[in-house]
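A.B. asks: Got a predicted structure here, sequence first:
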Amino acid sequence: MTTDDWSAQLTARVAEQIRAARKAAGLTVAETADACAALGLAVPKTTITNLETGRRASVELAEFLVLAQVLGVPPVALLFPLGSASTVEVLPGREVPVWDGLAWFTGETPLR
């Protein structure tokens, strides 16, 4: 797998979590975009839709943080699909149990 492939898969995983959190919050794409703008960062409906449908291969860090706030989830929950996957690819070709990846990300334990 190339780094580009891994990067696209990471974005797809985050986008999947964004979509699930948006639906769980009962928000439409338009409501989500409006709430992002109200927080001070315009994240257009097209951006959200393109992320969720895989037509956008990256998400900006600022968008990521604002979307997490709007969706009412900690940002780390968008990176690590707790409860919906048993493993996660934390680096290219490096798959670990989700909880181990989360512990590494938060600095609790080193990546082994």
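C.D. replies: That came in fine, so what should we check first?

A.B. asks: Could you say which helix or strand holds the closest residue to A15 other than its chain neighbours?
C.D. replies: Closest residue to A15 apart from its sequence neighbours, by C-beta to C-beta, 6 or more residues apart in numbering: L51 at 4.4 Å. Backbone N, C-alpha and C define where each C-beta goes, glycine included. If you go by DSSP states H and E, L51 is part of helix 45-53.

A.B. asks: tell me the mean pLDDT for that helix?
C.D. replies: The average of the pLDDT scores along helix 45-53 is 97.

A.B. asks: So the residue nearest to A15 sits against F64, correct?
C.D. replies: No - between L51 and F64 there is no contact under C-beta atoms under 8 Å: 9.9 Å.

A.B. asks: Hmm, S86 and P97 touching each other?
C.D. replies: Yes - counting by C-beta under 8 Å, S86 is a contact partner of P97 at 6.5 Å.

A.B. asks: what residues does the lengthiest helix in the chain touch?
C.D. replies: In the chain, with assignment by DSSP state H, the single longest helix is helix 3-24. Residues from elsewhere that reach helix 3-24 (C-beta atoms under 8 Å, 6 or more residues apart in numbering): 29, 32, 48, 51-52, 54, 56-59, 64, 67, 71-73, 77-79, 81, 84, 88-89, 91-93.

A.B. asks: now stretch 98-106
C.D. replies: Counting by C-beta under 8 Å, 6+ apart, 76, 79-82, 85-88, 90, 96, 109-112 sit against stretch 98-106.

A.B. asks: I'd like the mean pLDDT over whichever strand or helix holds T32, please.
C.D. replies: Using DSSP H and E, T32 maps to helix 29-38. What helix 29-38 shows for mean pLDDT is 98.

A.B. asks: residues of it that come out buried?
C.D. replies: 29, 32-33, 35-36 (16 or more other C-beta atoms under 10 Å).

A.B. asks: what domains does the record give for this structure?
C.D. replies: For the chain, the TED database gives the domain ranges 3-77, 80-111.

A.B. asks: Most tightly packed of these?
C.D. replies: Per residue and on average, the most neighbours among the domains of the chain fall to domain 3-77, with a mean of 16 (mean count of other C-beta atoms under 10 Å).

A.B. asks: Noted, bye for now.
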